[in-house]
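Undergrad: Fold the following and give me the result.
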Amino acid sequence: HLNALGYNALSVTTPTSTSEPIIALNYPAFSILDWGKLLAQVAASHVKRHDLPPEVMLVSWSMAGKAAQSMSVQAQNAGISVSLFVSLSATPPILGALPLATDFPMNPETGYGRSPDPAFKGFLWNIRANARKEGLQDIIPEGELVSHYVGEGPVGLSFTGTRYRDGKIIADQLGDIHDAQGHRFVDFPLTATIVPQGRHDLRHTVTDLYTWGMITTNALYHNHIANNRESLSQARDSEIENLSELITGAPARLSKKVHGNHFFFVGETGARETAEAISWLDAEAQDLREDLNRAKPRISTINQSTFD
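TA: Numbers count the residues shown, from 1 in each chain. Next up is the predicted model:
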């Protein structure tokens, strides 16, 4: 569906101990920083190989949201600009967005954190619910889900205050903050959300607009106000109000609601609706950038005391 809408699509995974892993070797110390570097390297190689423009849109699902800052910064370091980040029920890199782990059992053979069985059962239930909506028995059969998609992985990606070090899993909340850099608002591109509605993904349904919205408004504030205080000194009140409304309204403007669960994009209907939502958000983000640029020439400066 994305191809039909004019987009090239590239999927990048992380080390996972499925029975048929894409990354065969174990990397128990793999971190959120490594995740960003991996994405940047893979994206840069495909941009060069296929002679594509060096600009990407990052679309992250679930736990991949924790690497939003890392992915954005590493892509830029590789010469690739990031036009937009889109969350698909993604967890932001904000410590506390997930409960901190008090005990994370380790697989001694791989060093990976053991996957809880209830999580797999939840994945299977969600996908089968999508299949029923499509009038199908299965979309991803259980055996294929196990062999290709679900497995154990590095605990440093869980963002639950744990990581692998010296052959064991230890508590390290500061390590999560260092890796995820969720407080580095200036590093984030425009951020958009696709939020499922209903009872089956309530954490994302209730919080995504506001957790990602906090990042969006702070990034826009720093880029368009805090870094331009001198140039804003003699602006009219109406001009400042216009700029403020553009920034505070950005999270809701860059958000789309869809029906479904945590796997809302799995299945023909969900995949089509998600692709259309991504395309719509891409266009809306471009309109917002133009609106912000049009607001700039009308503003000269504002007194420093306004921001104190």
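Undergrad: Could you say which helix or strand holds L243?
TA: helix 237-248 (DSSP states H and E).
Undergrad: Would you confirm that G113 contacts G156?
TA: No: G113 is not in contact with G156 according to CB atoms under 8 Å; the separation is 9.2 Å. No exception for glycine: its C-beta is placed from N, CA and C like everyone else's.
Undergrad: Mind listing the shared neighbours of the two?
TA: With contacts taken as CB atoms under 8 Å, 6 or more residues apart in numbering, the residues that reach both G113 and G156 are T162.
Undergrad: quick one on the thing from earlier: what is the helix holding L243 packed up against?
TA: With contacts taken as 3 or more CB pairs under 8 Å, 6 or more residues apart in numbering; DSSP states H and E, helix 237-248 sits against helix 202-224, helix 268-295.
Undergrad: Rounded mean pLDDT for the shortest one, please.
TA: The average pLDDT within helix 202-224 is 95.
Undergrad: And it, how far out from the chain middle?
TA: Taking CA atoms, centre = their mean, to the nearest Å, one finds helix 202-224 lying 12 Å from the centre of the chain it belongs to.
Undergrad: on that earlier part again, can I get the helices and strands packed on helix 237-248 in TSV including distance to A67 and mean neighbour count?
TA: Shown next, in TSV, are the helices and strands packed on helix 237-248 (distance: least, CB to CB, whole Å; neighbours: other CB atoms under 10 Å):
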stretch	distance to A67	mean neighbour count
helix 202-224	13	19
helix 268-295	18	17
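Undergrad: Pipe those helices into a markdown table and attach distance to R49 per row.
TA: Output for the helices and strands packed on helix 237-248, formatted as a markdown table (distance: least, CB to CB, whole Å):
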| stretch | distance to R49 |
| --- | --- |
| helix 202-224 | 31 |
| helix 268-295 | 23 |
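Undergrad: Let me know which of those is the nearest to I240.
TA: Each of these has some distance to I240 by CB to CB; the shortest is helix 268-295, at 9.6 Å.
Undergrad: Also compute the angle for the closest one relative to helix 237-248, please.
TA: Angular relation of helix 268-295 and helix 237-248 on a 0 to 180 degree scale: 160 degrees, by axes from the mean of the first three to the mean of the last three CA atoms, to 10 degrees.
Undergrad: Pull the distance from helix 268-295 to the chain's centre.
TA: Taking CA atoms, centre = their mean, one finds the center of helix 268-295 at 15 Å from the center of the full chain.
Undergrad: Over to stretch 283-296?
TA: The mean C-alpha position of stretch 283-296 is separated from the chain mean by 22 Å, CA atoms, centre = their mean.
Undergrad: likewise stretch 105-119?
TA: Here the centre of stretch 105-119 is set off from its chain's centre by 24 Å, with CA atoms, centre = their mean.
Undergrad: list the buried ones in that stretch?
TA: Residues 106, 110-113, 115 are the ones in stretch 105-119 that count as buried (16 or more other CB atoms under 10 Å).
Undergrad: And stretch 231-238, by the same measure?
TA: Of all the residues in stretch 231-238, those buried under the rule 16+ other CB under 10 Å are 232, 235.
Undergrad: what distance separates the start and the end of it?
TA: Start and end residues of stretch 231-238 are separated by 16 Å (CA to CA, to the nearest Å).
Undergrad: likewise stretch 98-109?
TA: Using CA to CA, the end-to-end distance of stretch 98-109 comes out at 27 Å.
Undergrad: Can you give the contact residues for that stretch?
TA: Contact with stretch 98-109 is made by 17, 91, 112-114, 152, 155, 158-162, 164, 168-169, 171, 173, as judged by CB under 8 Å, 6+ apart.
Undergrad: D166 - how many residues pack around it?
TA: By the criterion of other CB atoms under 10 Å, D166 has 6 neighbours.
Undergrad: before we move on, what about M71?
TA: Neighbour count for M71, taken as other CB under 10 Å: 27.
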